[in-house]
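[1] quick one: sequence and predicted model below, then my questions.
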Amino acid sequence: MLLSVEDFGIEFHDHDSPERVVEGVSFTLDKGEILGIVGESGSGKSMTALAIAGLLPRKKLKKEGRILFEGEDVLTMERHKLRGLQGDEICMIFQEPMTALNPTMKIGLQVEEALRIHHTEMNDAQRKERAIKWLKNVELDDPERVYESYPHQLSGGMRQRVMIAAAMVGNPQLLIADEATTALDVTVQAQIIKLLQKINKESQVAILFISHDLSLIRQISHNVLVMQNGHLVEKGAVDDIFEHPQQEYTRKLISAIPRVEL
Amino acid sequence: MKKWLKKHKNFNFIAGAIITGVLLLTVLIGIFATPYDTTQMNVADKFAKPSFAHWMGCDNYGRDILSRVMEGMGNTFLIAVLTVLIGTVFGVIIGALCGYFGGLLDDILMRINDVLFSFPSILLALVIISLLGTGRLNVTLALGIAFIPSFARIVRSEVKKQCSLDYVKSAALMGAGHMRIIFVHILPNIMPVLLSSVMIGFNNAVLAEAGLSYLGIGVQPPAASLGRMLSEAQSFLFTAPWYAIFPGLVIVLTVLGFALLAEGTTEEE
Ligand SMILES: Nc1ncnc2c1ncn2[C@@H]1O[C@H](COP(=O)(O)OP(=O)(O)OP(=O)(O)O)[C@@H](O)[C@H]1O
Ligand SMILES: [Mg+2]
């Protein structure tokens, strides 16, 4: 077992009255598993993801429960230890490929960032070799050219591939994709999903795939969590959830999937 | 470089570059040689009109005004550059830390900043000079310190803006430390804004230095300074108008050249 979230909760204290945004969420994630999280907007998916990545703000926020990554609690872990995990064991890609890359840094440098931080024993040539390898792995044409480019020279789909390369370059155990395909058009979306599946098979990275698009979740996930208002409504294997939903809310979500005849 | 030139191919930029270039060249030449000794008095040339021998005429001691303008420009430029340097370096550090970390540090430093900011920088500089004493070094320090708040403010708000973008989050997620995030990731992204405020700051520094020297607390005689020349020329405005016109013209050109440059660079953003 790679990740175990136990009775996790978040309460914001930045307004007059405390605000509960996540409560009593428990689930586990195995090595190499793809876990989908669905739920309407504001259901706490991103908050849960950020917490796992250790990116929640330290102040004005009460956290409950435990998030054990390989047996250690990321919620209470010392900062330097957490930073050792981030980028090396846990990586994340975001929704907006437009803003998720640094506009003034060459792609190559950004892909190498995790190596530069965590693998100081590597030299420039080795880093470049690894970066190019991953740019190729994410199926970018002409990786050498992409390596020398700036983000504005790439399309949205290409940038998302670059993000995946940058996340995967250090061979992490866990990749969190928060709405990673939402900003892309349908064909590019399908390509990215395929790519994530391929990477999952090849490098046995566990993927936490967050989306409010159920058809994507169904396509990619092994197991699924359904969230609503900060609570876990239902969890289970993808076929069980989609074939035999137990909860009213899940049934409603599934019936709302637009059926496209192909 | 070629690309860069092409990018800024607009009238403002070119005009600004030419004016500033010529002035800078003059300053550079002035460092090594001036047509006449800048402090050499010569009774025979007292109030000599502009002529072929003295392009800008001579002052009340018969000193060559062109030579003194060259030296004065050098002093003014040097003080302005150092002022902006002090203001930028400390402004960037303070502003970046406040913008990035926020919290109590930010509250305290920014309240201090607000208080300082509410005084015109020249007034602030005057206060500091009254503590430090006059002279070139002190004026530079005073102006530099007086310039910190405005830079800190700009940098802080820009850094805050950048912090909300995902690339900062992903850098943090890569395990990058705070200092790496601030100086390697964020800072290059606020360069355009910083650059134009540096240029505007340079202009303000030129004017502030001229103002202080005009009041007699900047560069001390017999060393030349544009502001000081103006204040001396004031008493001879009708006998020797050129004494005031040329130093004044150089100040105006300096400020104009830089303003055009700043305008030209931001236009392209
Ligand atoms: N600083 C804050 N103070 C109080 N509440 C907050 C704060 N930040 C976020 N929230 C709340 O947390 C809840 C969960 O947000 P979260 O971003 O996790 O939702 P989500 O499931 O990712 O939604 P989406 O699909 O829109 O991305 C939201 O209702 C939001 O209003
Ligand atoms: Mg979200």
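    Everything's here; your move. Ligands and ions are numbered 1, 2, ... in the order given.
[2] residue of chain B nearest ligand 1, please.
    Ligand 1 sits closest to B:Ser164 of chain B, with a gap of 12.2 Å, by CB to the nearest ligand atom. (C-beta placed from N, C-alpha, C; glycine too.)
[3] for that residue, grab phi and psi.
    Torsion angles at B:Ser164 (phi, psi; degrees, to the nearest 10) stand at phi -80, psi -10.
[4] stretch B:40-47: which residues count as buried?
    For stretch B:40-47, a neighbour-count test (16 or more other CB atoms under 10 Å in any protein chain shown) marks B:Asp45 as buried.
[5] run through who's touching that stretch.
    Outside stretch B:40-47, the residues that touch it by CB atoms under 8 Å, 6 or more residues apart in numbering or on different chains are B:54, B:57-64, B:236, B:239-240, B:243.
[6] can you flag the buried ones in those residues?
    Applying 16+ other CB under 10 Å to these flags B:His54, B:Gly57, B:Cys58, B:Asp59, B:Tyr61, B:Gly62, B:Arg63, B:Asp64, B:Ala240, B:Tyr243 as buried.
[7] which secondary structure element is home to the last one?
    B:Tyr243 belongs to helix B:241-267 when elements are defined using DSSP states H and E.
[8] hmm, that helix touching chain A?
    No: Helix B:241-267 does not reach chain A (CB under 8 Å from any CB of the partner chain); its nearest approach is 15.7 Å.
[9] helices or strands up against that helix?
    Applying 3 or more CB pairs under 8 Å, 6 or more residues apart in numbering or on different chains; DSSP states H and E, one finds that helix B:241-267 contacts helix B:11-32, helix B:65-101, helix B:187-214, helix B:226-233.
[10] would you turn the ones you listed into CSV with distance to B:Thr140 and mean neighbour count?
    Compiled in CSV, the helices and strands packed on helix B:241-267 are given as follows (distance: least, CB to CB, whole Å; neighbours: other CB atoms under 10 Å in any protein chain shown):
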stretch, distance to B:Thr140, mean neighbour count
helix B:11-32, 16, 15
helix B:65-101, 5, 22
helix B:187-214, 8, 21
helix B:226-233, 14, 24
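[11] buried ones in the helix holding B:Tyr243?
    Buried residues in helix B:241-267 (16+ other CB under 10 Å): B:242-248, B:250-251, B:254-255, B:257-266.
[12] next: stretch A:190-197.
    A:Gln191, A:Ile192, A:Ile193, A:Leu195, A:Leu196.
[13] between these, which is nearest B:Val89?
    A:Ile192 (43.6 Å; CB to CB).
[14] state the distance from the residue of chain B closest to ligand 1 to B:Leu256.
    37 Å (CB to CB, to the nearest Å).
[15] quick one: low-confidence ranges for chain B?
    B:1-9, B:267-269 (pLDDT under 70).
[16] can you list the residues of the stretch 151-262 of chain A near chain B?
    Selection of the stretch 151-262 of chain A residues close to chain B by CB under 8 Å from any CB yields A:Met163, A:Ala166.
[17] can you tell me what sits against stretch B:14-34?
    Counting by CB under 8 Å, 6+ apart, B:64, B:66-67, B:70-71, B:73-74, B:77, B:250, B:253-254, B:256-264 sit against stretch B:14-34.
[18] and A:Glu72, backbone torsions?
    Torsion angles, degrees, to the nearest 10, at A:Glu72: phi -120, psi 140.
[19] quick check: bridge partners of it?
    Beta-bridge partners recorded for A:Glu72 (DSSP bridges): A:Phe69.
[20] quick check, pLDDT for it.
    As predicted, A:Glu72 sits at a pLDDT of 90.
[21] next, count neighbours for the closest residue to ligand 1 within the stretch 51-200 of chain A.
    Closest contact between the stretch 51-200 of chain A and ligand 1, by CB to the nearest ligand atom, is at A:Glu179 (6.1 Å). A:Glu179 sits with 18 neighbouring residues when counted by other CB atoms under 10 Å in any protein chain shown.
[22] with adjacent residues omitted, what lies nearest to it?
    A:Gln95 (3.9 Å; CB to CB, 6 or more residues apart in numbering or on different chains).
[23] can I assume the one you found is in contact with A:Leu184?
    No: assessed by CB atoms under 8 Å, A:Gln95 is found out of contact with A:Leu184, at 9.7 Å.
[24] what about the residue nearest to A:Glu179, neighbour count?
    The burial count for A:Gln95: 20, using other CB under 10 Å.
[25] that one and A:Ser46, how far apart?
    Per CB to CB, A:Gln95 is found 9 Å from A:Ser46.
[26] also B:Val159?
    Distance from B:Val159 to A:Ser46, by CB to CB: 23 Å.
[27] with neighbour numbers in mind, choose between those two.
    Just comparing B:Val159 and A:Ser46: by other CB under 10 Å the higher neighbour count belongs to B:Val159, 24 against 19.
[28] residues contacting that one?
    Contact partners of B:Val159, counting by CB under 8 Å, 6+ apart, are B:Gly95, B:Ala96, B:Cys98, B:Gly99, B:Tyr100, B:Ile182, B:Ile186, B:Ile190.
[29] quick check: residues of the stretch 151-262 of chain A near ligand 1?
    Selection of the stretch 151-262 of chain A residues close to ligand 1 by CB under 6 Å from any ligand atom yields A:His212.
[30] mind doing that once more with 8 Å?
    Residues of the stretch 151-262 of chain A found near ligand 1 (CB under 8 Å from any ligand atom) are A:Asp178, A:Glu179, A:Ile210, A:His212, A:Met227, A:Gly230.
[31] if we can go back for a sec, and the contacts of stretch B:40-47 as CSV, adding secondary structure and distance to A:Glu64?
    Converted to CSV, the contacts of stretch B:40-47 look like this (DSSP: H, G, I helix; E, B strand; the rest coil; distance: CB to CB, whole Å):
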residue, secondary structure, distance to A:Glu64
B:His54, coil, 84
B:Gly57, coil, 82
B:Cys58, strand, 83
B:Asp59, coil, 79
B:Asn60, coil, 82
B:Tyr61, coil, 82
B:Gly62, coil, 86
B:Arg63, coil, 80
B:Asp64, strand, 80
B:Phe236, helix, 81
B:Thr239, coil, 85
B:Ala240, coil, 82
B:Tyr243, helix, 78
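[32] excluding its backbone neighbours, what's nearest B:Val159?
    Nearest residue to B:Val159 in three dimensions, chain neighbours excluded: B:Gly99, at 3.1 Å (CB to CB, 6+ apart).
[33] flag every residue of the stretch 51-200 of chain B that's near chain A.
    Residues of the stretch 51-200 of chain B lying near chain A (CB under 8 Å from any CB): B:103, B:165-167, B:169-177, B:180, B:185, B:188-189, B:191.
[34] buried subset of those as a PyMOL selection?
    Here is the PyMOL command that selects the buried residues among those (16+ other CB under 10 Å):
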select buried, chain B and resi 165+166+167+169+170+171+172+173+174+175+176+180+185+189
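[35] strands - which of the residues of the stretch 51-200 of chain B next to chain A land there?
    Secondary structure from DSSP state E places none of these in strands.
[36] of the residues of the stretch 51-200 of chain B next to chain A, which belong to helices?
    B:Gly103, B:Asp166, B:Tyr167, B:Lys169, B:Ser170, B:Ala171, B:Ala172, B:Leu173, B:Arg180, B:Pro188, B:Asn189, B:Met191 (DSSP state H).
[37] ok, the nearest residue to the third one once chain neighbours are set aside - contacts?
    Read that as B:Tyr167. Among residues not flanking B:Tyr167 along the chain, A:Asn102 sits closest, at 4.4 Å (CB to CB, 6+ apart). The contact partners of A:Asn102, taken as CB under 8 Å, 6+ apart, are A:Gln110, A:Pro151, B:Tyr167, B:Ala171, B:His185, B:Pro188, B:Asn189.
[38] can you map out the strands along the stretch 101-250 of chain A?
    Taking DSSP state E, counting those that start in this stretch as the criterion, the stretch 101-250 of chain A contains strands spanning A:174-178, A:206-210, A:223-228, A:231-237.
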